[in-house]
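Q: Build the 3D model from these lines:
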Amino acid sequence: MSQILHTERLMLRPCTLADLDAVHELWTDPDIRQFLFDDRTLSRQEASDFLAASNESFVQQGYGLWLFFERSGDASGGQSSTIAGFSGLMSVPDQSPSVVFGTRPPLWGRGYAKEATAAILHYVFYDLGLDQVVADVDEPNTASIHVLEGLGMVPTGRAVVDDRPLLYYASQPSR
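A: Sure thing, here's the model as predicted:
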């Protein structure tokens, strides 16, 4: 089941293969890929594979990757047609789903990643009944660490993977 979510400032909708061009452009932005893909430029096919996996995850588990858009401040409640960012959960074999998010660089500092991810976590914890999600973040990525900690995620460990220091986080629903 796909789910459209709303926050005070954002509208979130599941990402589809029709979004490939816009998502690939966002994911190949040097400021986004620096930490998301270990500074590797993702091919269009790899981006397509990610979106296909997300679509399958929505069908199988009810979650995947959402795109978020700024909502207009007027009474119409419409939204911008430009993607402001992405957030969601990716299935990881033998572990809890992993949180992933990113915001278009000109919109950094507005709290959109936290707002969108908070809406998704509420949905997966309280509507889908997940009992835990995890995240890993590059240690130098202080902005994403701030988002994770602002969401109430707690550190669970640290490792160096491919010469990159990673921090691990987890979150459970509050009861």
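Q: any low-confidence regions in this structure?
A: Applying pLDDT under 70 to the chain picks out residues 1-2, 73-79, 175.
Q: Please enumerate the helices of it.
A: Here the chain has its helices, by DSSP state H, at 20-27, 30-36, 44-61, 112-122, 142-150.
Q: Make a markdown table from the ones you listed and add distance to residue 80 and mean neighbour count to it.
A: Any C-beta I mention is one placed from the backbone N, CA and C, and that applies to glycine too. Listed next are these as a markdown table, based on distance: least, Cβ to Cβ, whole Å; neighbours: other Cβ atoms under 10 Å:
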| stretch | distance to residue 80 | mean neighbour count |
| --- | --- | --- |
| helix 20-27 | 12 | 17 |
| helix 30-36 | 18 | 16 |
| helix 44-61 | 21 | 16 |
| helix 112-122 | 12 | 22 |
| helix 142-150 | 21 | 17 |
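Q: Turn these into TSV, columns for distance to residue 86.
A: Converted to TSV, the helices of the chain look like this (distance: least, Cβ to Cβ, whole Å):
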stretch	distance to residue 86
helix 20-27	7
helix 30-36	9
helix 44-61	10
helix 112-122	8
helix 142-150	13
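Q: quick one, what contacts the nearest residue to residue 89 once chain neighbours are set aside?
A: Excluding its sequence neighbours, the residue lying closest to residue 89 (Cβ to Cβ, 6 or more residues apart in numbering) is residue 97, at 3.9 Å. Counting by Cβ atoms under 8 Å, 6 or more residues apart in numbering, residue 97 touches 61, 63, 89-91, 124, 130, 133-134.
Q: Thanks again, I'm all set now.
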